[in-house]
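**Q** Compute the structure for the input listed below.
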Amino acid sequence: MLFSEENSLIPYIAIIKWFYRQEDAKKKDGGNWVVNDTRELFYSFHRNEVPVESVMHRCLVNFVPDHKQLPRGRGFIVRKVYDTVDKKLWKLTDKDYAVSQQREIDLLVDKSLSRLGDLPDL
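**A** Numbers count the residues shown, from 1 in each chain. Here you go, the predicted model:
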C-alpha cells in the first residue's frame with residue numbers, strides 16, 4: 001500500500017515489478033549474461049512474495065529498445081526480458097510474448113520514452 005499523491009486517507013495498492021541483475025540471471029548452460037552498461041537490468045514476469053519490510057526505497061527504471069541510444073543520467077536501464085523458466089533473454093521489441101505481457105512491455109517502453117524524450121536511433 002502506498003500513500004496517494006493527493007494525501008488522501010485512502011492509500012493506493014501496488015504491485016512491485018521484478019528485475020534481475022546480470023549476476024542473478026543465469027544462462028541455461030551456466031554462467032551469466034554479458035551487459036554493456038552497469039545500470040542494465042533484465043525485466044521478468046516472475047512472481048514472488050517478499051515481506052514489505054524488505055522494501056528499501058523507490059528507484060527509476062527506464063525501458064529502452066535496442067535500436068535507441070541509452071540515456072545519460074540516473075536510473076537503471078532495461079533492454080531485455082529474462083525468461084526464468086528457459087533461462088533465455090528476449091528483446092523488448094520481440095513479439096513472442098503473450099498478449100497481456102506484450103501490452104505490459106509496450107506500456108513500460110512508452111512511459112519511459114515519454115519521460116526520457118526523443119532518444120536518437122543507433
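
**Q** what helix or strand is residue 82 on?
**A** Element membership for residue 82, per DSSP states H and E: strand 76-83.

**Q** Need the residues that contact that strand.
**A** If you take CB atoms under 8 Å, 6 or more residues apart in numbering as the criterion, strand 76-83 is touched by 19-20, 25, 33, 37, 39-46, 59-66, 70-71, 88-92, 94, 97, 105, 108. Heads up, the C-betas are built off the backbone N, CA and C, glycines and all.

**Q** Could you list the low-pLDDT ranges of this structure?
**A** Scanning the chain for pLDDT under 70 picks out 7.

**Q** any chance you could read off phi and psi for the residue nearest the centre of the chain?
**A** Most central in the chain under CA atoms, centre = their mean is residue 43, positioned 3.9 Å from the mean C-alpha point. With angles defined as degrees, to the nearest 10, residue 43 sits at phi -80, psi 150.

**Q** how close does it sit to residue 8?
**A** Separation of residue 43 from residue 8 (CB to CB, to the nearest Å): 30 Å.

**Q** Give me the buried subset of the contacts of strand 76-83.
**A** Buried members of these, scored by 16 or more other CB atoms under 10 Å, are 19-20, 25, 33, 39-45, 61-65, 70-71, 89-90, 92, 97, 105, 108.

**Q** would you put the C-alpha positions of stretch 92-112 in CSV?
**A** C-alpha atoms of stretch 92-112 as CSV (Å, rounded to 0.1, in the frame of the first residue of the first chain):
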residue,chain,number,x,y,z
LEU,A,92,11.8,-5.7,-25.5
THR,A,93,10.8,-5.5,-29.2
ASP,A,94,10.3,-9.3,-29.7
LYS,A,95,6.7,-10.1,-30.5
ASP,A,96,6.7,-13.6,-29.0
TYR,A,97,5.1,-12.6,-25.7
ALA,A,98,1.6,-13.4,-24.6
VAL,A,99,-0.8,-10.6,-25.5
SER,A,100,-1.0,-9.3,-21.9
GLN,A,101,2.7,-9.4,-21.5
GLN,A,102,3.3,-7.6,-24.8
ARG,A,103,0.9,-4.9,-23.7
GLU,A,104,2.8,-4.6,-20.4
ILE,A,105,6.1,-4.3,-22.2
ASP,A,106,4.8,-1.8,-24.7
LEU,A,107,3.3,0.4,-21.9
LEU,A,108,6.6,0.4,-19.9
VAL,A,109,8.6,1.3,-23.0
ASP,A,110,6.1,4.1,-24.0
LYS,A,111,6.2,5.5,-20.4
SER,A,112,10.0,5.5,-20.4
